[in-house]
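Engineer: sequence and predicted structure below; questions after.
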Amino acid sequence: MTEDIKKDILEDLKLARETWEEARLTAKEGKYRFSVSHIYYTCFYYLRAILLTKGTAYQTHKGTLIGFRKLFVKEGLASTELSDFLEKLARDRIEGDYKYAKFTSADVELLMTQAEKFVAFAEDYLAPFLK
């Protein structure tokens with residue numbers, strides 16, 4: 001792995017961790033639509049980082065999700081459950097950002113619980129690449 005790729009991974013990790021804190025804060029404040037968006041972007045930044053370990057980067061959000069399914073799920077490195085969650089989360093984010101969907105505390109709590117599984121997967125997967 002080149003130093004440039006490692007630098008990009010570290011930048012995405014920084015963004016993911018900062019955005020995860022924002023997701024928690026907005027959920028605590030009852031700003032559920034914003035929290036859903038922050039949960040999504042947390043996962044998106046982690047996705048970009050883990051895809052960089054395979055030497056790939058995608059131009060679109062949809063391409064990034066497809067790349068994850070192709071390079072991680074189909075190869076047995078991640079579960080279908082994680083990929084399904086990410087795709088649902090992407091739809092929820094779009095609904096909240098562009099269609100002003102309403103989310104409840106229970107909705108956000110469930111998304112946070114599912115996102116925690118993905119965050120743990122991403123952190124564990126990325127750890128060896130950052131040594």
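Structural biologist: Sure thing, it's come through. Numbers count the residues shown, from 1 in each chain.
Engineer: quick one, helices of this protein?
Structural biologist: For the chain, helices defined by DSSP state H occupy the ranges 3-28, 32-52, 61-68, 80-98, 105-126.
Engineer: just these: most buried one?
Structural biologist: Compared across those, helix 32-52 shows the largest average neighbour count, a mean of 23 (mean count of other C-beta atoms under 10 Å). Backbone N, C-alpha and C define where each C-beta goes, glycine included.
Engineer: gap between that helix and the chain center?
Structural biologist: 3 Å (C-alpha atoms, centre = their mean, to the nearest Å).
Engineer: now for it, which elements pack on it?
Structural biologist: helix 3-28, helix 61-68, helix 80-98, helix 105-126 (3 or more C-beta pairs under 8 Å, 6 or more residues apart in numbering; DSSP states H and E).
Engineer: the inter-axis angle of it versus helix 61-68?
Structural biologist: On the basis of axes from the mean of the first three to the mean of the last three C-alpha atoms, to 10 degrees, helix 32-52 is oriented at 50 degrees to helix 61-68.
Engineer: which one is the residue nearest to the spatial centre of the chain nearest to, not counting chain neighbours?
Structural biologist: For the chain, C43 is the residue whose C-alpha lies nearest the centre (C-alpha atoms, centre = their mean; 0.8 Å). Nearest residue to C43 in three dimensions, chain neighbours excluded: F118, at 5.4 Å (C-beta to C-beta, 6 or more residues apart in numbering).
Engineer: my guess is that neighbour meets L86, correct?
Structural biologist: Yes. Here F118 lies in contact with L86, judged by C-beta atoms under 8 Å, at a distance of 6.8 Å.
Engineer: hey, what's in contact with both of those two?
Structural biologist: Listed as contacting both F118 and L86 by C-beta atoms under 8 Å, 6 or more residues apart in numbering are C43.
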